[in-house]
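Participant: Output the structure for:
(2 chains)
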Amino acid sequence: MTPPLDRRQLLAGAAATLALQPTLAAGPTRLPRALRVGLVGCGRQGREMVTELATFPDVELAAVCDTDESRLNGMRRRARSAQRFATVEELLEKGNVDAVFIATSSHQHRGPALAALAAQKPVYCEAPLATDTEDARAIAVAARGAGVAFQVGLLGRVNPVYKLAWSFVKGGAIRDFVSLRGQHHEKNSWVVPTDDGARAAELGWRLDPARSLGLIGELGAHQLDVWHWYVGAYPTSVRARGAVRGWKDGRTMHDTVQAAYTFPDGLECVWDGTITNTYGGRYELIHGTMGAVKLAWTHGWLFKESDAPTQGWEVYANRQTFHNDEGITLIADATKLAAQGKLTEGVGLPQSALWYGIESFLKCVTDGGQAAVGADEGFRNVVVATAGAKALRTGEAVAITDAMLKVD
Amino acid sequence: MTAPNAAPPICLALDAMATRFELVLPDVPADSAAAARLRAAGEAALEEVRLTEERWSLFRRDSFLAHIMRAAHTTPVRLDEDDWDLFGAAQRAFELSGGAFDPCLAPQMAGAGFARPVAIARAQPGTFADVALDARARTVSLRRPGLALDFGGVAKGHALDRAARALADAGVRSALLHGGTSAVLALGGPFRVLLGGEEDAPEAPLADAVLAVSAHHGRRTDAGASHVLDPRRPPGVPDAGDVKMSAAAIALAYDADPAPSALADALSTALLVHGAPLAPEALPHVTQALKPHGAPWRIAAGPPLIQTRALPLP
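Facilitator: Next comes the predicted model:
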């Protein structure tokens, strides 16, 4: 017979009535059937995908491809049994794969995405979906008519901590939006370490304004999507400014950027990105009249105003102090963990944000159903990021109209 | 990389694995673009350190190590070649030392008063013999649930090995990097590395070689217990290693092993615990040095990769 819950357990359990219940299984995630998958793009992001794919026992990375021979050969250490191909066409023809992961340079997503969709292969494509709206639109149109799953790797929407925080925000925990803020700070020159000029030009695309959305697109795309999701709307205009503050090596791409997006009711969202300083890392802040939510990918916190209503379960919640503020730690699967007396062991996600993106896609492939983030959403994300990059380039405010956000 | 000039070396650093990694690139080209590419190679190397921390941290729920501890007692977990090298180094050190090195010590560490990371809050005692490696399938399995793996300094060595590979892939031929000063790796060289600050401190003129040092004074509990425990010691029996030796060092050529820094770190811990040379017939390419309490360093076995005026141990 199950023992009766005591008051502490009852109150701790009540926390979960506000929460979604994502699956945070203790063991490996099993799929209803085995999958052979292919990877297009063996650079930094491709390597991270290989790492995460290896944790799914039912997934075999059967084929990889990259036009850069060195990167392709480097995959021997990551996935030694995978067949290696120089082109996506070869991979699709000879790789015998059930689904395709695309991790090429952002400006090169269109070719492999259209090829994979034409071959009727489900596609997971890294974000941003493209670096211009024309490519993004072409991918979105192809995905609509393909009849197979297409998921964009915008990782906020698949992240259990972000889903939990979203449920709190939608439940009125912070009441009305006051402002949105976020940053992505890292220290990295983005220079490619090779003496081969042609290869350096090819792989150094992130510093080329003609091929890259710069910091707003490469660092900010995921965060912009988080705000679209939380606010339930897209911004109507953007202003931006930037400078080369640290890497004074002749580059024209700004290494430090601030962008201010305005949402329909005047709500302002300020994003701050740099590749010259690591302080604070990457996070999003959502301020409301009754509290604030801070999200930092594997962790999240709710900061309540003193005059916000108090829920009984808060007495037993896990908390963390940030200088003068105390945040309630947002813990996914709180009910189950609290019932097991393991609430503090649930702080922080047990998998990376990328893992949850891959997991949701794999389940979409094996079980059917809608992709967590479809190509249309990826297209709109590119429209918003592209407007930010244009505002940065021109120094003028750029409008984002409803017409711009329509795929067709 | 292009020809060097007399420019000051490029020095990069990263705080990771609860310590500081530093990288020195001495051969800086005169051409500023080439110098920027050399620096970028250093950034790529430190990125490998960061990824190693993400992958093997005992303090992160989302690390690959945490995944192994959660999943590998029910399903074999696939390893890539880097992971395989790390496990291989741990296994070689475990076997060559007769268990004096064992990365499954976390419960005993917690029992000695060290913090127990949340990832192994419910760890059960066990040994590396409970870890099964399948060379053909490149998988790891844990023979019992709750087994805690803590690679500690070996993971730092592993980070150095990955960083060195990134440097070599970028064409860098000369670099010195260390993780918290307990493990040092030299590409090219020679670089002068001293074991301690004393006047008679031995010198390791490292050239394409690695050096790892373990010492009881490196980390202790408030009660004075050393972080270097003897895994073979029954509970309650005093630690003989802490009584006999205060520090141990291992040096070997960079190309002597697939995971030279990881192996050196593991062996230095084992040597300190063991207090006497480890299987010298099986490790002819490895320099083993020991520092008894209150006495100078002595070469215990192996080639003269470490230079000391002291006599070999009897």
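
Participant: Tell me how many other residues surround B:Ala253.
Facilitator: 17 (other C-beta atoms under 10 Å in any protein chain shown). Every C-beta, even on glycine, is put in place using the N, C-alpha and C of the backbone.

Participant: from memory it sits against B:Pro260, does it?
Facilitator: Yes - at 7.3 Å, B:Ala253 counts as touching B:Pro260 under the criterion of C-beta atoms under 8 Å.

Participant: which neighbours do the two share?
Facilitator: Common neighbours of B:Ala253 and B:Pro260, counting by C-beta atoms under 8 Å, 6 or more residues apart in numbering or on different chains, are B:Ala209.

Participant: count of residues packed around the residue in the stretch 151-300 of chain B that chain A sits nearest to?
Facilitator: In the stretch 151-300 of chain B, the residue that lies nearest chain A is B:Ala170 (4.1 Å; C-beta to the nearest C-beta). B:Ala170: 20 surrounding residues under other C-beta under 10 Å.

Participant: B:Ser141 in helix, strand or coil?
Facilitator: What DSSP: H, G, I helix; E, B strand; the rest coil gives for B:Ser141 is strand.

Participant: Next up, the contacts around it.
Facilitator: B:Ser141 makes contact with B:72-73, B:75-77, B:131-132, B:134, according to C-beta under 8 Å, 6+ apart.

Participant: filter these to the buried ones?
Facilitator: Burial by neighbour count, 16 or more other C-beta atoms under 10 Å in any protein chain shown: within the contacts of B:Ser141 this picks out B:72-73, B:76-77, B:131.

Participant: Keep only those of those that are in helices.
Facilitator: Residues of the buried ones among the contacts of B:Ser141 located in helices (DSSP state H): none.

Participant: Strands of the stretch 101-250 of chain B, start to end?
Facilitator: Counting by DSSP state E, counting those that start in this stretch, one finds strands in the stretch 101-250 of chain B at the ranges B:131-134, B:139-142, B:175-179, B:183-187, B:191-194, B:203-206, B:209-215, B:245-253.

Participant: Could you dump the contacts of B:Ser141 into TSV and include pLDDT and distance to A:Ala334?
Facilitator: Below are the contacts of B:Ser141 laid out as TSV (pLDDT from 0 to 100; distance: C-beta to C-beta, whole Å):
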residue	pLDDT	distance to A:Ala334
B:Ala72	94	27
B:His73	92	26
B:Thr75	92	27
B:Pro76	94	31
B:Val77	94	27
B:Val131	97	33
B:Ala132	97	35
B:Asp134	97	37
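
Participant: was I right about B:Gly176 contacting B:Ala186?
Facilitator: To be clear, residue B:176 is Leu; Gly isn't right here. Yes - the pair B:Leu176 / B:Ala186 is scored as a contact, 5.3 Å apart, by C-beta under 8 Å.

Participant: Quick one: mean pLDDT for the longest helix belonging to chain B?
Facilitator: Counting by DSSP H, the longest helix found in chain B is helix B:32-56. For helix B:32-56, mean pLDDT rounds to 95.

Participant: Can I get the strands of the stretch 101-250 of chain B in TSV including distance to A:Ile102?
Facilitator: Shown next, in TSV, are the strands of the stretch 101-250 of chain B (distance: least, C-beta to C-beta, whole Å):
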stretch	distance to A:Ile102
strand B:131-134	31
strand B:139-142	28
strand B:175-179	34
strand B:183-187	35
strand B:191-194	43
strand B:203-206	43
strand B:209-215	38
strand B:245-253	41
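
Participant: so what pLDDT did B:Trp235 get?
Facilitator: Heads up, residue B:235 is Pro, not Trp. For B:Pro235, the model assigns a pLDDT of 62.

Participant: what does A:Gly341 give?
Facilitator: Note on A:Gly341: pLDDT of 74.

Participant: May I have the strands that pair with the lengthiest strand in chain A, each with its orientation?
Facilitator: In chain A, taking DSSP state E as the definition, the longest strand is strand A:177-185. Under the criterion DSSP bridges, strand A:177-185 sits next to strand A:268-274 (parallel), strand A:282-288 (antiparallel) in its sheet.

Participant: Select, out of the strands of the stretch 101-250 of chain B, the one closest to B:Glu48.
Facilitator: Across those, B:Glu48 has its closest neighbour in strand B:175-179 (10.4 Å, C-beta to C-beta).

Participant: Point out where the stretch 251-400 of chain A drops to low pLDDT.
Facilitator: By pLDDT under 70, the stretch 251-400 of chain A has no low-scoring segment.

Participant: what residues does it put near chain B?
Facilitator: Counting by C-beta under 8 Å from any C-beta of the partner chain, the positions of the stretch 251-400 of chain A adjacent to chain B are A:298, A:342, A:344-345, A:347-352, A:355.

Participant: Narrow the residues you listed to those that are buried.
Facilitator: Applying 16+ other C-beta under 10 Å to these, the neighbour count classes A:298, A:345, A:347-352, A:355 as buried.

Participant: Could I get those in TSV, plus columns for secondary structure and distance to B:Cys104?
Facilitator: Output for those, formatted as TSV (DSSP: H, G, I helix; E, B strand; the rest coil; distance: C-beta to C-beta, whole Å):
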residue	secondary structure	distance to B:Cys104
A:Thr298	coil	26
A:Glu345	helix	20
A:Val347	coil	25
A:Gly348	coil	23
A:Leu349	coil	25
A:Pro350	coil	21
A:Gln351	coil	24
A:Ser352	coil	25
A:Trp355	helix	26
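
Participant: ok, these vs B:Asp265, which is closest?
Facilitator: Closest to B:Asp265, out of all of these and judged by C-beta to C-beta, is A:Ser352, at 26.2 Å.

Participant: helices and strands around the longest helix of chain B, which ones?
Facilitator: Contact partners of helix B:32-56 among helices and strands, from 3 or more C-beta pairs under 8 Å, 6 or more residues apart in numbering or on different chains; DSSP states H and E: strand B:10-16, strand B:19-25, helix B:64-71, helix B:152-169, strand B:175-179.

Participant: returning to what we had before: between B:Leu176 and B:Ala186, which one's more packed in?
Facilitator: B:Ala186 (25 against 21).
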